[in-house]
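> Next comes the sequence, and after it the predicted model I'd like to discuss.
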Amino acid sequence: MGGNTRDAGRTTLNRVFAVLEAFTAEAPSLSLTEVADGAGLPMATAHRIIAELVAWGALERLPDGRYHVGLRLWEVGSLAPRRRDLRTGALPFMQDLYEATHENVQLAVRDGAQALILESLSGPRSVGTVTEVGGRLPLHATGVGKVILAWSEPELTHSVVEEGLRRYTPHTITAAGRLVGGLARVRSEHVAYSLEEMTLGAVSVAAPVLGPGGSLRAALAIVVRSATDLRRYTPAVRAAALGIARRLPVDGSAPTGAASARR
């Protein structure tokens, strides 16, 4: 253990999860030292766990000695019903939206106090974004995040405010009252905007994908350059979100046929 008290009392599974959680969208490949530091583990423990994960296929070793997530872990993760059903139901509408605009189209769900990107479509004409599939975004500074906040319990907004509204750009909303007032409009209008609040030069419009009883299933957004008239995309985003909602299964069965779900 090398006298590392951070590892004391931790179960084997806890250590394995810590190793996997060290990999993020911002740091997709890590050295052994970086994994050990990120997981809070002694070097020898991290080395042993990594070796086992590589043998199983959860991690892969790169030619330069660094590691990244392996295909076996991706294959297992892709079996998650929530992701599979949402992606299957949403992709036809996301593709239509992309073909009509050639801009970034994103589908996100709530993951704790963040927005998790389940699917994303983009092309050479699309504005650059800060995240990819599997990446996470803050709730207060993004269109999809504001949709998630607006359809979540008030305690989530309170928690996000208490944690501190990080300023990503000069346009990020950092005043609690302004955020709460904006969320009321989001719920009333079924649309949320992020105006260079996450990335300078990029704006987004998002709409909720609702399930039975008005529960939130996901948030759909389009991200464009700030010089674009964002509101002209609003009807298309809302229509696509409604189309996805109609196609998603209510009881866990397969999504309904694309023909009947098309707008």
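Thanks, I have the structure now.

> which residue ranges form the helices in this structure?
12-21, 32-39, 43-56, 71-77, 81-101, 143-150, 154-163, 176-189, 234-247, 258-261 (DSSP state H).

> Please point out which parts of the first one sit buried.
Same thing as helix 12-21. Residues R15, V16, A18, V19, L20 are the ones in helix 12-21 that count as buried (16 or more other Cβ atoms under 10 Å). The C-beta positions use only the backbone N, C-alpha and C, and glycine is treated the same way.

> okay, the angle between that helix and helix 43-56?
Relative orientation of helix 12-21 and helix 43-56, computed by axes from the mean of the first three to the mean of the last three Cα atoms, to 10 degrees: 80 degrees.

> what's near enough to touch the closest residue in space to R187 that isn't next to it in sequence?
What sits nearest to R187 in space, not counting adjacent residues and going by Cβ to Cβ, 6 or more residues apart in numbering, is A150, at 4.4 Å. For A150, the contact set (Cβ atoms under 8 Å, 6 or more residues apart in numbering) comprises L183, A184, V186, R187, A192, P208.

> Now for the last one, how many residues are close by?
Neighbour count for P208, taken as other Cβ atoms under 10 Å: 26.

> How about the second one?
Applying other Cβ under 10 Å, we find 10 residues neighbouring A184.

> One more: the fifth one?
For A192, the tally of surrounding residues (other Cβ under 10 Å) stands at 27.

> mind listing what the nearest residue to E132 once chain neighbours are set aside touches?
Taking Cβ to Cβ, 6+ apart as the measure, E132 lies nearest to A25, with 5.9 Å between them; neighbours along the chain are not counted. Residues near A25 by Cβ under 8 Å, 6+ apart: T131, E132, G134, G135, R136.

> Closest one to L53 out of these, please.
G134 (17.5 Å; Cβ to Cβ).

> Could you check how far V191 is from R238?
In this view, V191 and R238 are 6 Å apart by Cβ to Cβ, to the nearest Å.

> List the buried residues in stretch 153-167.
Those would be L156, T157, V160, V161, L165, for stretch 153-167 by 16+ other Cβ under 10 Å.

> Please save the CA atoms from that stretch in CSV.
The C-alpha coordinates for stretch 153-167 follow below in CSV (Å, rounded to 0.1, in the frame of the first residue of the first chain):
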residue,chain,number,x,y,z
GLU,A,153,-36.9,18.9,-8.9
PRO,A,154,-36.2,22.4,-7.4
GLU,A,155,-33.7,20.8,-5.1
LEU,A,156,-31.4,20.2,-8.1
THR,A,157,-31.4,23.9,-9.0
HIS,A,158,-30.7,24.8,-5.4
SER,A,159,-27.8,22.3,-5.3
VAL,A,160,-26.3,23.7,-8.5
VAL,A,161,-26.6,27.3,-7.1
GLU,A,162,-25.1,26.2,-3.8
GLU,A,163,-22.2,24.6,-5.6
GLY,A,164,-21.5,27.8,-7.3
LEU,A,165,-22.4,29.0,-10.8
ARG,A,166,-19.0,28.8,-12.5
ARG,A,167,-18.3,31.5,-15.1
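
> and the spatially most central residue of the chain, what are its bridge partners?
The centroid of the chain falls nearest to L116 when counting by Cα atoms, centre = their mean (1.8 Å). Residues in a beta bridge with L116, per DSSP bridges, are V109, R136.
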